[in-house]
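In: the amino acid sequence is not available; the structure is as follows:
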């Protein structure tokens, strides 16, 4: 049965969807059957990141209105044969936690990992959907506003009894860490109060690949970080080495 992982952030612009794409890609490359469900309604982007713009004929709307089964609406990603994506609709759509749970339950036996790309922001709908997951990945960047929002979101998860949380710090560079903004990564971990599972360096090669729909280059520092996080999700004891540029 698939492990359901919700990827969420308290603020937009943290790179949440990019992290979903990177983790989905590396999990698939490691041989795990993976599905990404995109819930950022009206702000669909996974099709662009995987080089599938203009090729998506079905999306989450077709599942919600009963026109398609999940496996029929999901699209296989050409660059990673073990990876499928169920794209969000281009227009705003109403969905509740029960519907997402039903969707996940209907395909759990076909995948090892189901990654839910939630909408950003602190609202009741996000909390209700995310709390159904086996693991919550809270995303922040080394920015005081993002850190505060991630802290508020994580605290609310704890208040609701969701203790299975891990922290990913994204867009990390030497220019920021050690500056007046952030003295050390430990400061972020202490502020958010969630165990760290990975650090993603600010990597132009990653931005270029997701913007053009090309595979992440093998020499990308971000790809190495995604690969390590993916292995930790599977229980491997991978050292938490942080290399930033």
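Out: All right, it came through fine. As the structure is a computational prediction, the values presented were derived from the model and not from experiment.

In: buried residues, the least confident helix or strand in the chain by mean pLDDT. List them.
Out: Every helix and strand in the chain was compared by mean pLDDT, DSSP states H and E; the lowest is helix 124-130, with a mean of 73. By neighbour count on 16 or more other CB atoms under 10 Å, the buried set for helix 124-130 is 126-127, 129-130. Just so you know, the C-beta spots here come from the backbone N, C-alpha and C atoms, and that holds for glycine as well.

In: farthest pair in those residues?
Out: 127 and 129 (7.4 Å; CB to CB).

In: state the mean pLDDT of stretch 131-150.
Out: Across stretch 131-150, pLDDT averages out at 92.

In: chain center to the very next helix or strand once past the least confident helix or strand of the chain, what's the gap?
Out: Once helix 124-130 ends, the next helix or strand along the chain (criterion: DSSP states H and E) is strand 135-140. The chain centre lies 8 Å from the centre of strand 135-140; the measure is CA atoms, centre = their mean, to the nearest Å.

In: how about stretch 193-204?
Out: Counting by CA atoms, centre = their mean, stretch 193-204 comes out at 12 Å from the chain centroid.

In: in the longest strand out of those in the chain, what's buried?
Out: In the chain, ranked by residue count with DSSP state E as the criterion, the top strand is strand 165-172. For strand 165-172, a neighbour-count test (16+ other CB under 10 Å) marks 165-172 as buried.

In: residue 157 and residue 166 touch, don't they?
Out: No - counting by CB atoms under 8 Å, residue 157 does not reach residue 166; the two are 11.4 Å apart.

In: what do these two both touch?
Out: Shared contacts of residue 157 and residue 166 (CB atoms under 8 Å, 6 or more residues apart in numbering): 136, 138.

In: hmm, back to that, parallel or antiparallel, list what pairs with the longest strand of the chain.
Out: strand 135-140 (parallel), strand 196-201 (parallel) (DSSP bridges).

In: who are the packing partners of the least confident helix or strand of the chain?
Out: On a contact count with 3 or more CB pairs under 8 Å, 6 or more residues apart in numbering; DSSP states H and E, helix 124-130 meets strand 3-8, helix 97-107, helix 144-159.

In: if you compare these, which one is most tucked away?
Out: Each of the helices and strands packed on helix 124-130 was scored by mean neighbour count; the highest is strand 3-8, a mean of 24, by mean count of other CB atoms under 10 Å.

In: hmm, residue 229 is touching residue 168, no?
Out: Yes - assessed by CB under 8 Å, residue 229 is found in contact with residue 168 at 6.9 Å.

In: now the common contact residues for these two.
Out: Between them, residue 229 and residue 168 share the contacting residues 197-198, judged by CB under 8 Å, 6+ apart.

In: where does the chain have low pLDDT?
Out: Within the chain, the segments meeting pLDDT under 70 span 42, 92, 120-125, 178, 180-181, 241-245.

In: contacting residues around the nearest residue to residue 117 once chain neighbours are set aside?
Out: Setting aside the residues directly before and after it, residue 117 is nearest to residue 20 in space (CB to CB, 6 or more residues apart in numbering), at 4.2 Å. When contacts are counted by CB under 8 Å, 6+ apart, residue 20 touches 7, 36, 38, 46, 115, 117.
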